[in-house]
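Trainee: sequence below, structure please.
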Amino acid sequence: MLLPAPPRQARHRQPARARSCPPPAPACAGTSAGGVAFGRADAIAKRRQARHNGRAGDRRHHPRAGCAPQRRRPAGRPDFGDQPKPLSRGLVALLALACGAVVANLYYIQPLLTVVGRALHVSDGAAGLLVTATQIGYVAGLAFLLPIGDIVERRRMIATILLGTAAASAACAAAPSFALFAAAMVALGALSVVAQVIVPLASTLAAAHQRGQVVGTVMSGLLIGILMARTLSGVVAALGGWRLVYALAAGGMLALSATLRRALPVVAPAERVAYRAVLRSIVALIAQEPVLRQRMALGALQFAVFSVLWTTIAFLLGSAPYHYGTAVIGLFGLAGAAGALVAPLAGRIGDRGRGQLGWRCSSSSCSSPGVCSRSAEPRCSR
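Mentor: Next up is the predicted model:
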């Protein structure tokens, strides 16, 4: 006598399990060794087992099986998963503003040399040493403070150095003597090197297709800060005195520190290295790379020409036959502001693979301030 076949169980999915997802147990089992019903049940169980084995790979990555799905990338298509997302215009503008505001601390003093010299009772020659003190601090910051950016997290480093810059600016505003003012200027110059941390950070955060434009925009902010610092400090000094210039600068650095702390992402160092190893690597790069030495020489010559003009122009315009005030001397900084507009153009040219042309465009802009200032000289009538 044949036994009736057991009822077929409804198909249902197993609840979420671990990543291994073991196959389900057989749905039913027969009770007669030679019965037809046992053969049917066994065949059904084998078919279910075969279907389960065929879909094992899919079930392992199915969302309902407790595992995250994995999308397969089509062959021949590049993987852009590790590429950074394009920077927003607001963040690029903030980085450009930060670079300009920080580097301006180095040049506020230039149109104020005659006024500061009289207030602190020193000669014009001694007052001119304030510019030298600021640049000495800047060189020290480039050599010993900037390499820390390869060791620590850069967002925290930028925010911390900006707090130190605010303290140094406040010390300049409150300095009672020439010696203390010069020491505060050295510290201000060393801490203003944070602008050179922001520029490579912008390059790191930018996507590959916009890197040249982003760096060019940030460099435009840096150059505008260099050139507009004289105009701003001259006008503010004419309205409220030279100490007000550094008091406002201290407040601006505090605001930038808080803003960048919130706006920037966390950028961890690529690898953990010792500080001494980083310093040794810089010396090794200079010794091994002739192109680096060439660029260093070109940068030194450009900055020498730049400093010769803008350091001495304050004494020239403040004495006979001009006798200009700080506001008028500061307005001469507008003559070179047009050259900063070349930086984004040079960045776009570099993105197109024409780096030499971009370098020539940026270099040619250095002569514009000298040409403009030369044209401002009075003509002697015969």
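Trainee: could you pull out the helices for the stretch 201-350 of the chain?
Mentor: With DSSP state H, counting those that start in this stretch as the criterion, the stretch 201-350 of the chain has helices at 211-240, 242-263, 275-288, 290-318, 326-331, 342-351.
Trainee: dump those helices into a markdown table; add distance to residue 87 and mean pLDDT as well.
Mentor: For every residue, glycine as well, the C-beta is placed using N, CA and C. Formatted as a markdown table, the entries for these read as follows, by distance: least, C-beta to C-beta, whole Å; pLDDT from 0 to 100:
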| stretch | distance to residue 87 | mean pLDDT |
| --- | --- | --- |
| helix 211-240 | 6 | 90 |
| helix 242-263 | 11 | 97 |
| helix 275-288 | 27 | 92 |
| helix 290-318 | 26 | 86 |
| helix 326-331 | 33 | 86 |
| helix 342-351 | 13 | 62 |
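Trainee: nearest to residue 94, of those?
Mentor: In terms of C-beta to C-beta, the element of the helices of the stretch 201-350 of the chain nearest to residue 94 is helix 242-263, at 5.9 Å.
Trainee: what does stretch 87-106 rub up against?
Mentor: Residues from elsewhere that reach stretch 87-106, judged by C-beta atoms under 8 Å, 6 or more residues apart in numbering: 134-135, 138, 162, 165, 169, 188-189, 192, 194-195, 198-199, 201-202, 205-207, 210, 214, 217-226, 228-229, 232, 249, 252-253, 256, 259-260, 263.
Trainee: one more pass at 6 Å, please.
Mentor: Where contact means C-beta atoms under 6 Å, 6 or more residues apart in numbering, the residues beyond stretch 87-106 that reach it are 134, 188-189, 192, 194-195, 198, 202, 205-206, 214, 217-218, 221-222, 224-226, 229, 249, 252, 256, 263.
Trainee: over to stretch 276-291?
Mentor: Applying C-beta under 6 Å, 6+ apart, the external contacts of stretch 276-291 come out as 147, 150.
Trainee: same deal with stretch 158-176?
Mentor: Contacts made with stretch 158-176 from outside it, assessed by C-beta under 6 Å, 6+ apart, are listed as 181, 184, 187-188, 191, 194, 197, 243, 246-247, 249-250, 253-254, 256-257, 260-261.
Trainee: now with 7 Å, please.
Mentor: Residues outside stretch 158-176 that contact it (C-beta atoms under 7 Å, 6 or more residues apart in numbering) are 102, 105, 181, 184-185, 187-188, 191-192, 194, 197-198, 243, 246-247, 249-250, 253-254, 256-257, 260-261.
Trainee: which of the residues you listed count as buried?
Mentor: By the neighbour-count criterion of 16 or more other C-beta atoms under 10 Å, these include these buried positions: 102, 105, 181, 184-185, 187-188, 191-192, 194, 197-198, 243, 246-247, 249-250, 253-254, 256-257, 260.
Trainee: re earlier: which ChimeraX command selects the buried ones in the contacts of stretch 87-106?
Mentor: Under the burial definition 16+ other C-beta under 10 Å, those of those that qualify are selected in ChimeraX by:
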select :134,188,189,192,194,195,198,202,205,206,214,217,218,221,222,224,225,226,229,249,252,256
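Trainee: so which of the helices of the stretch 201-350 of the chain is nearest residue 130?
Mentor: For those, proximity to residue 130 was assessed by C-beta to C-beta; helix 290-318 is nearest, at 9.9 Å.
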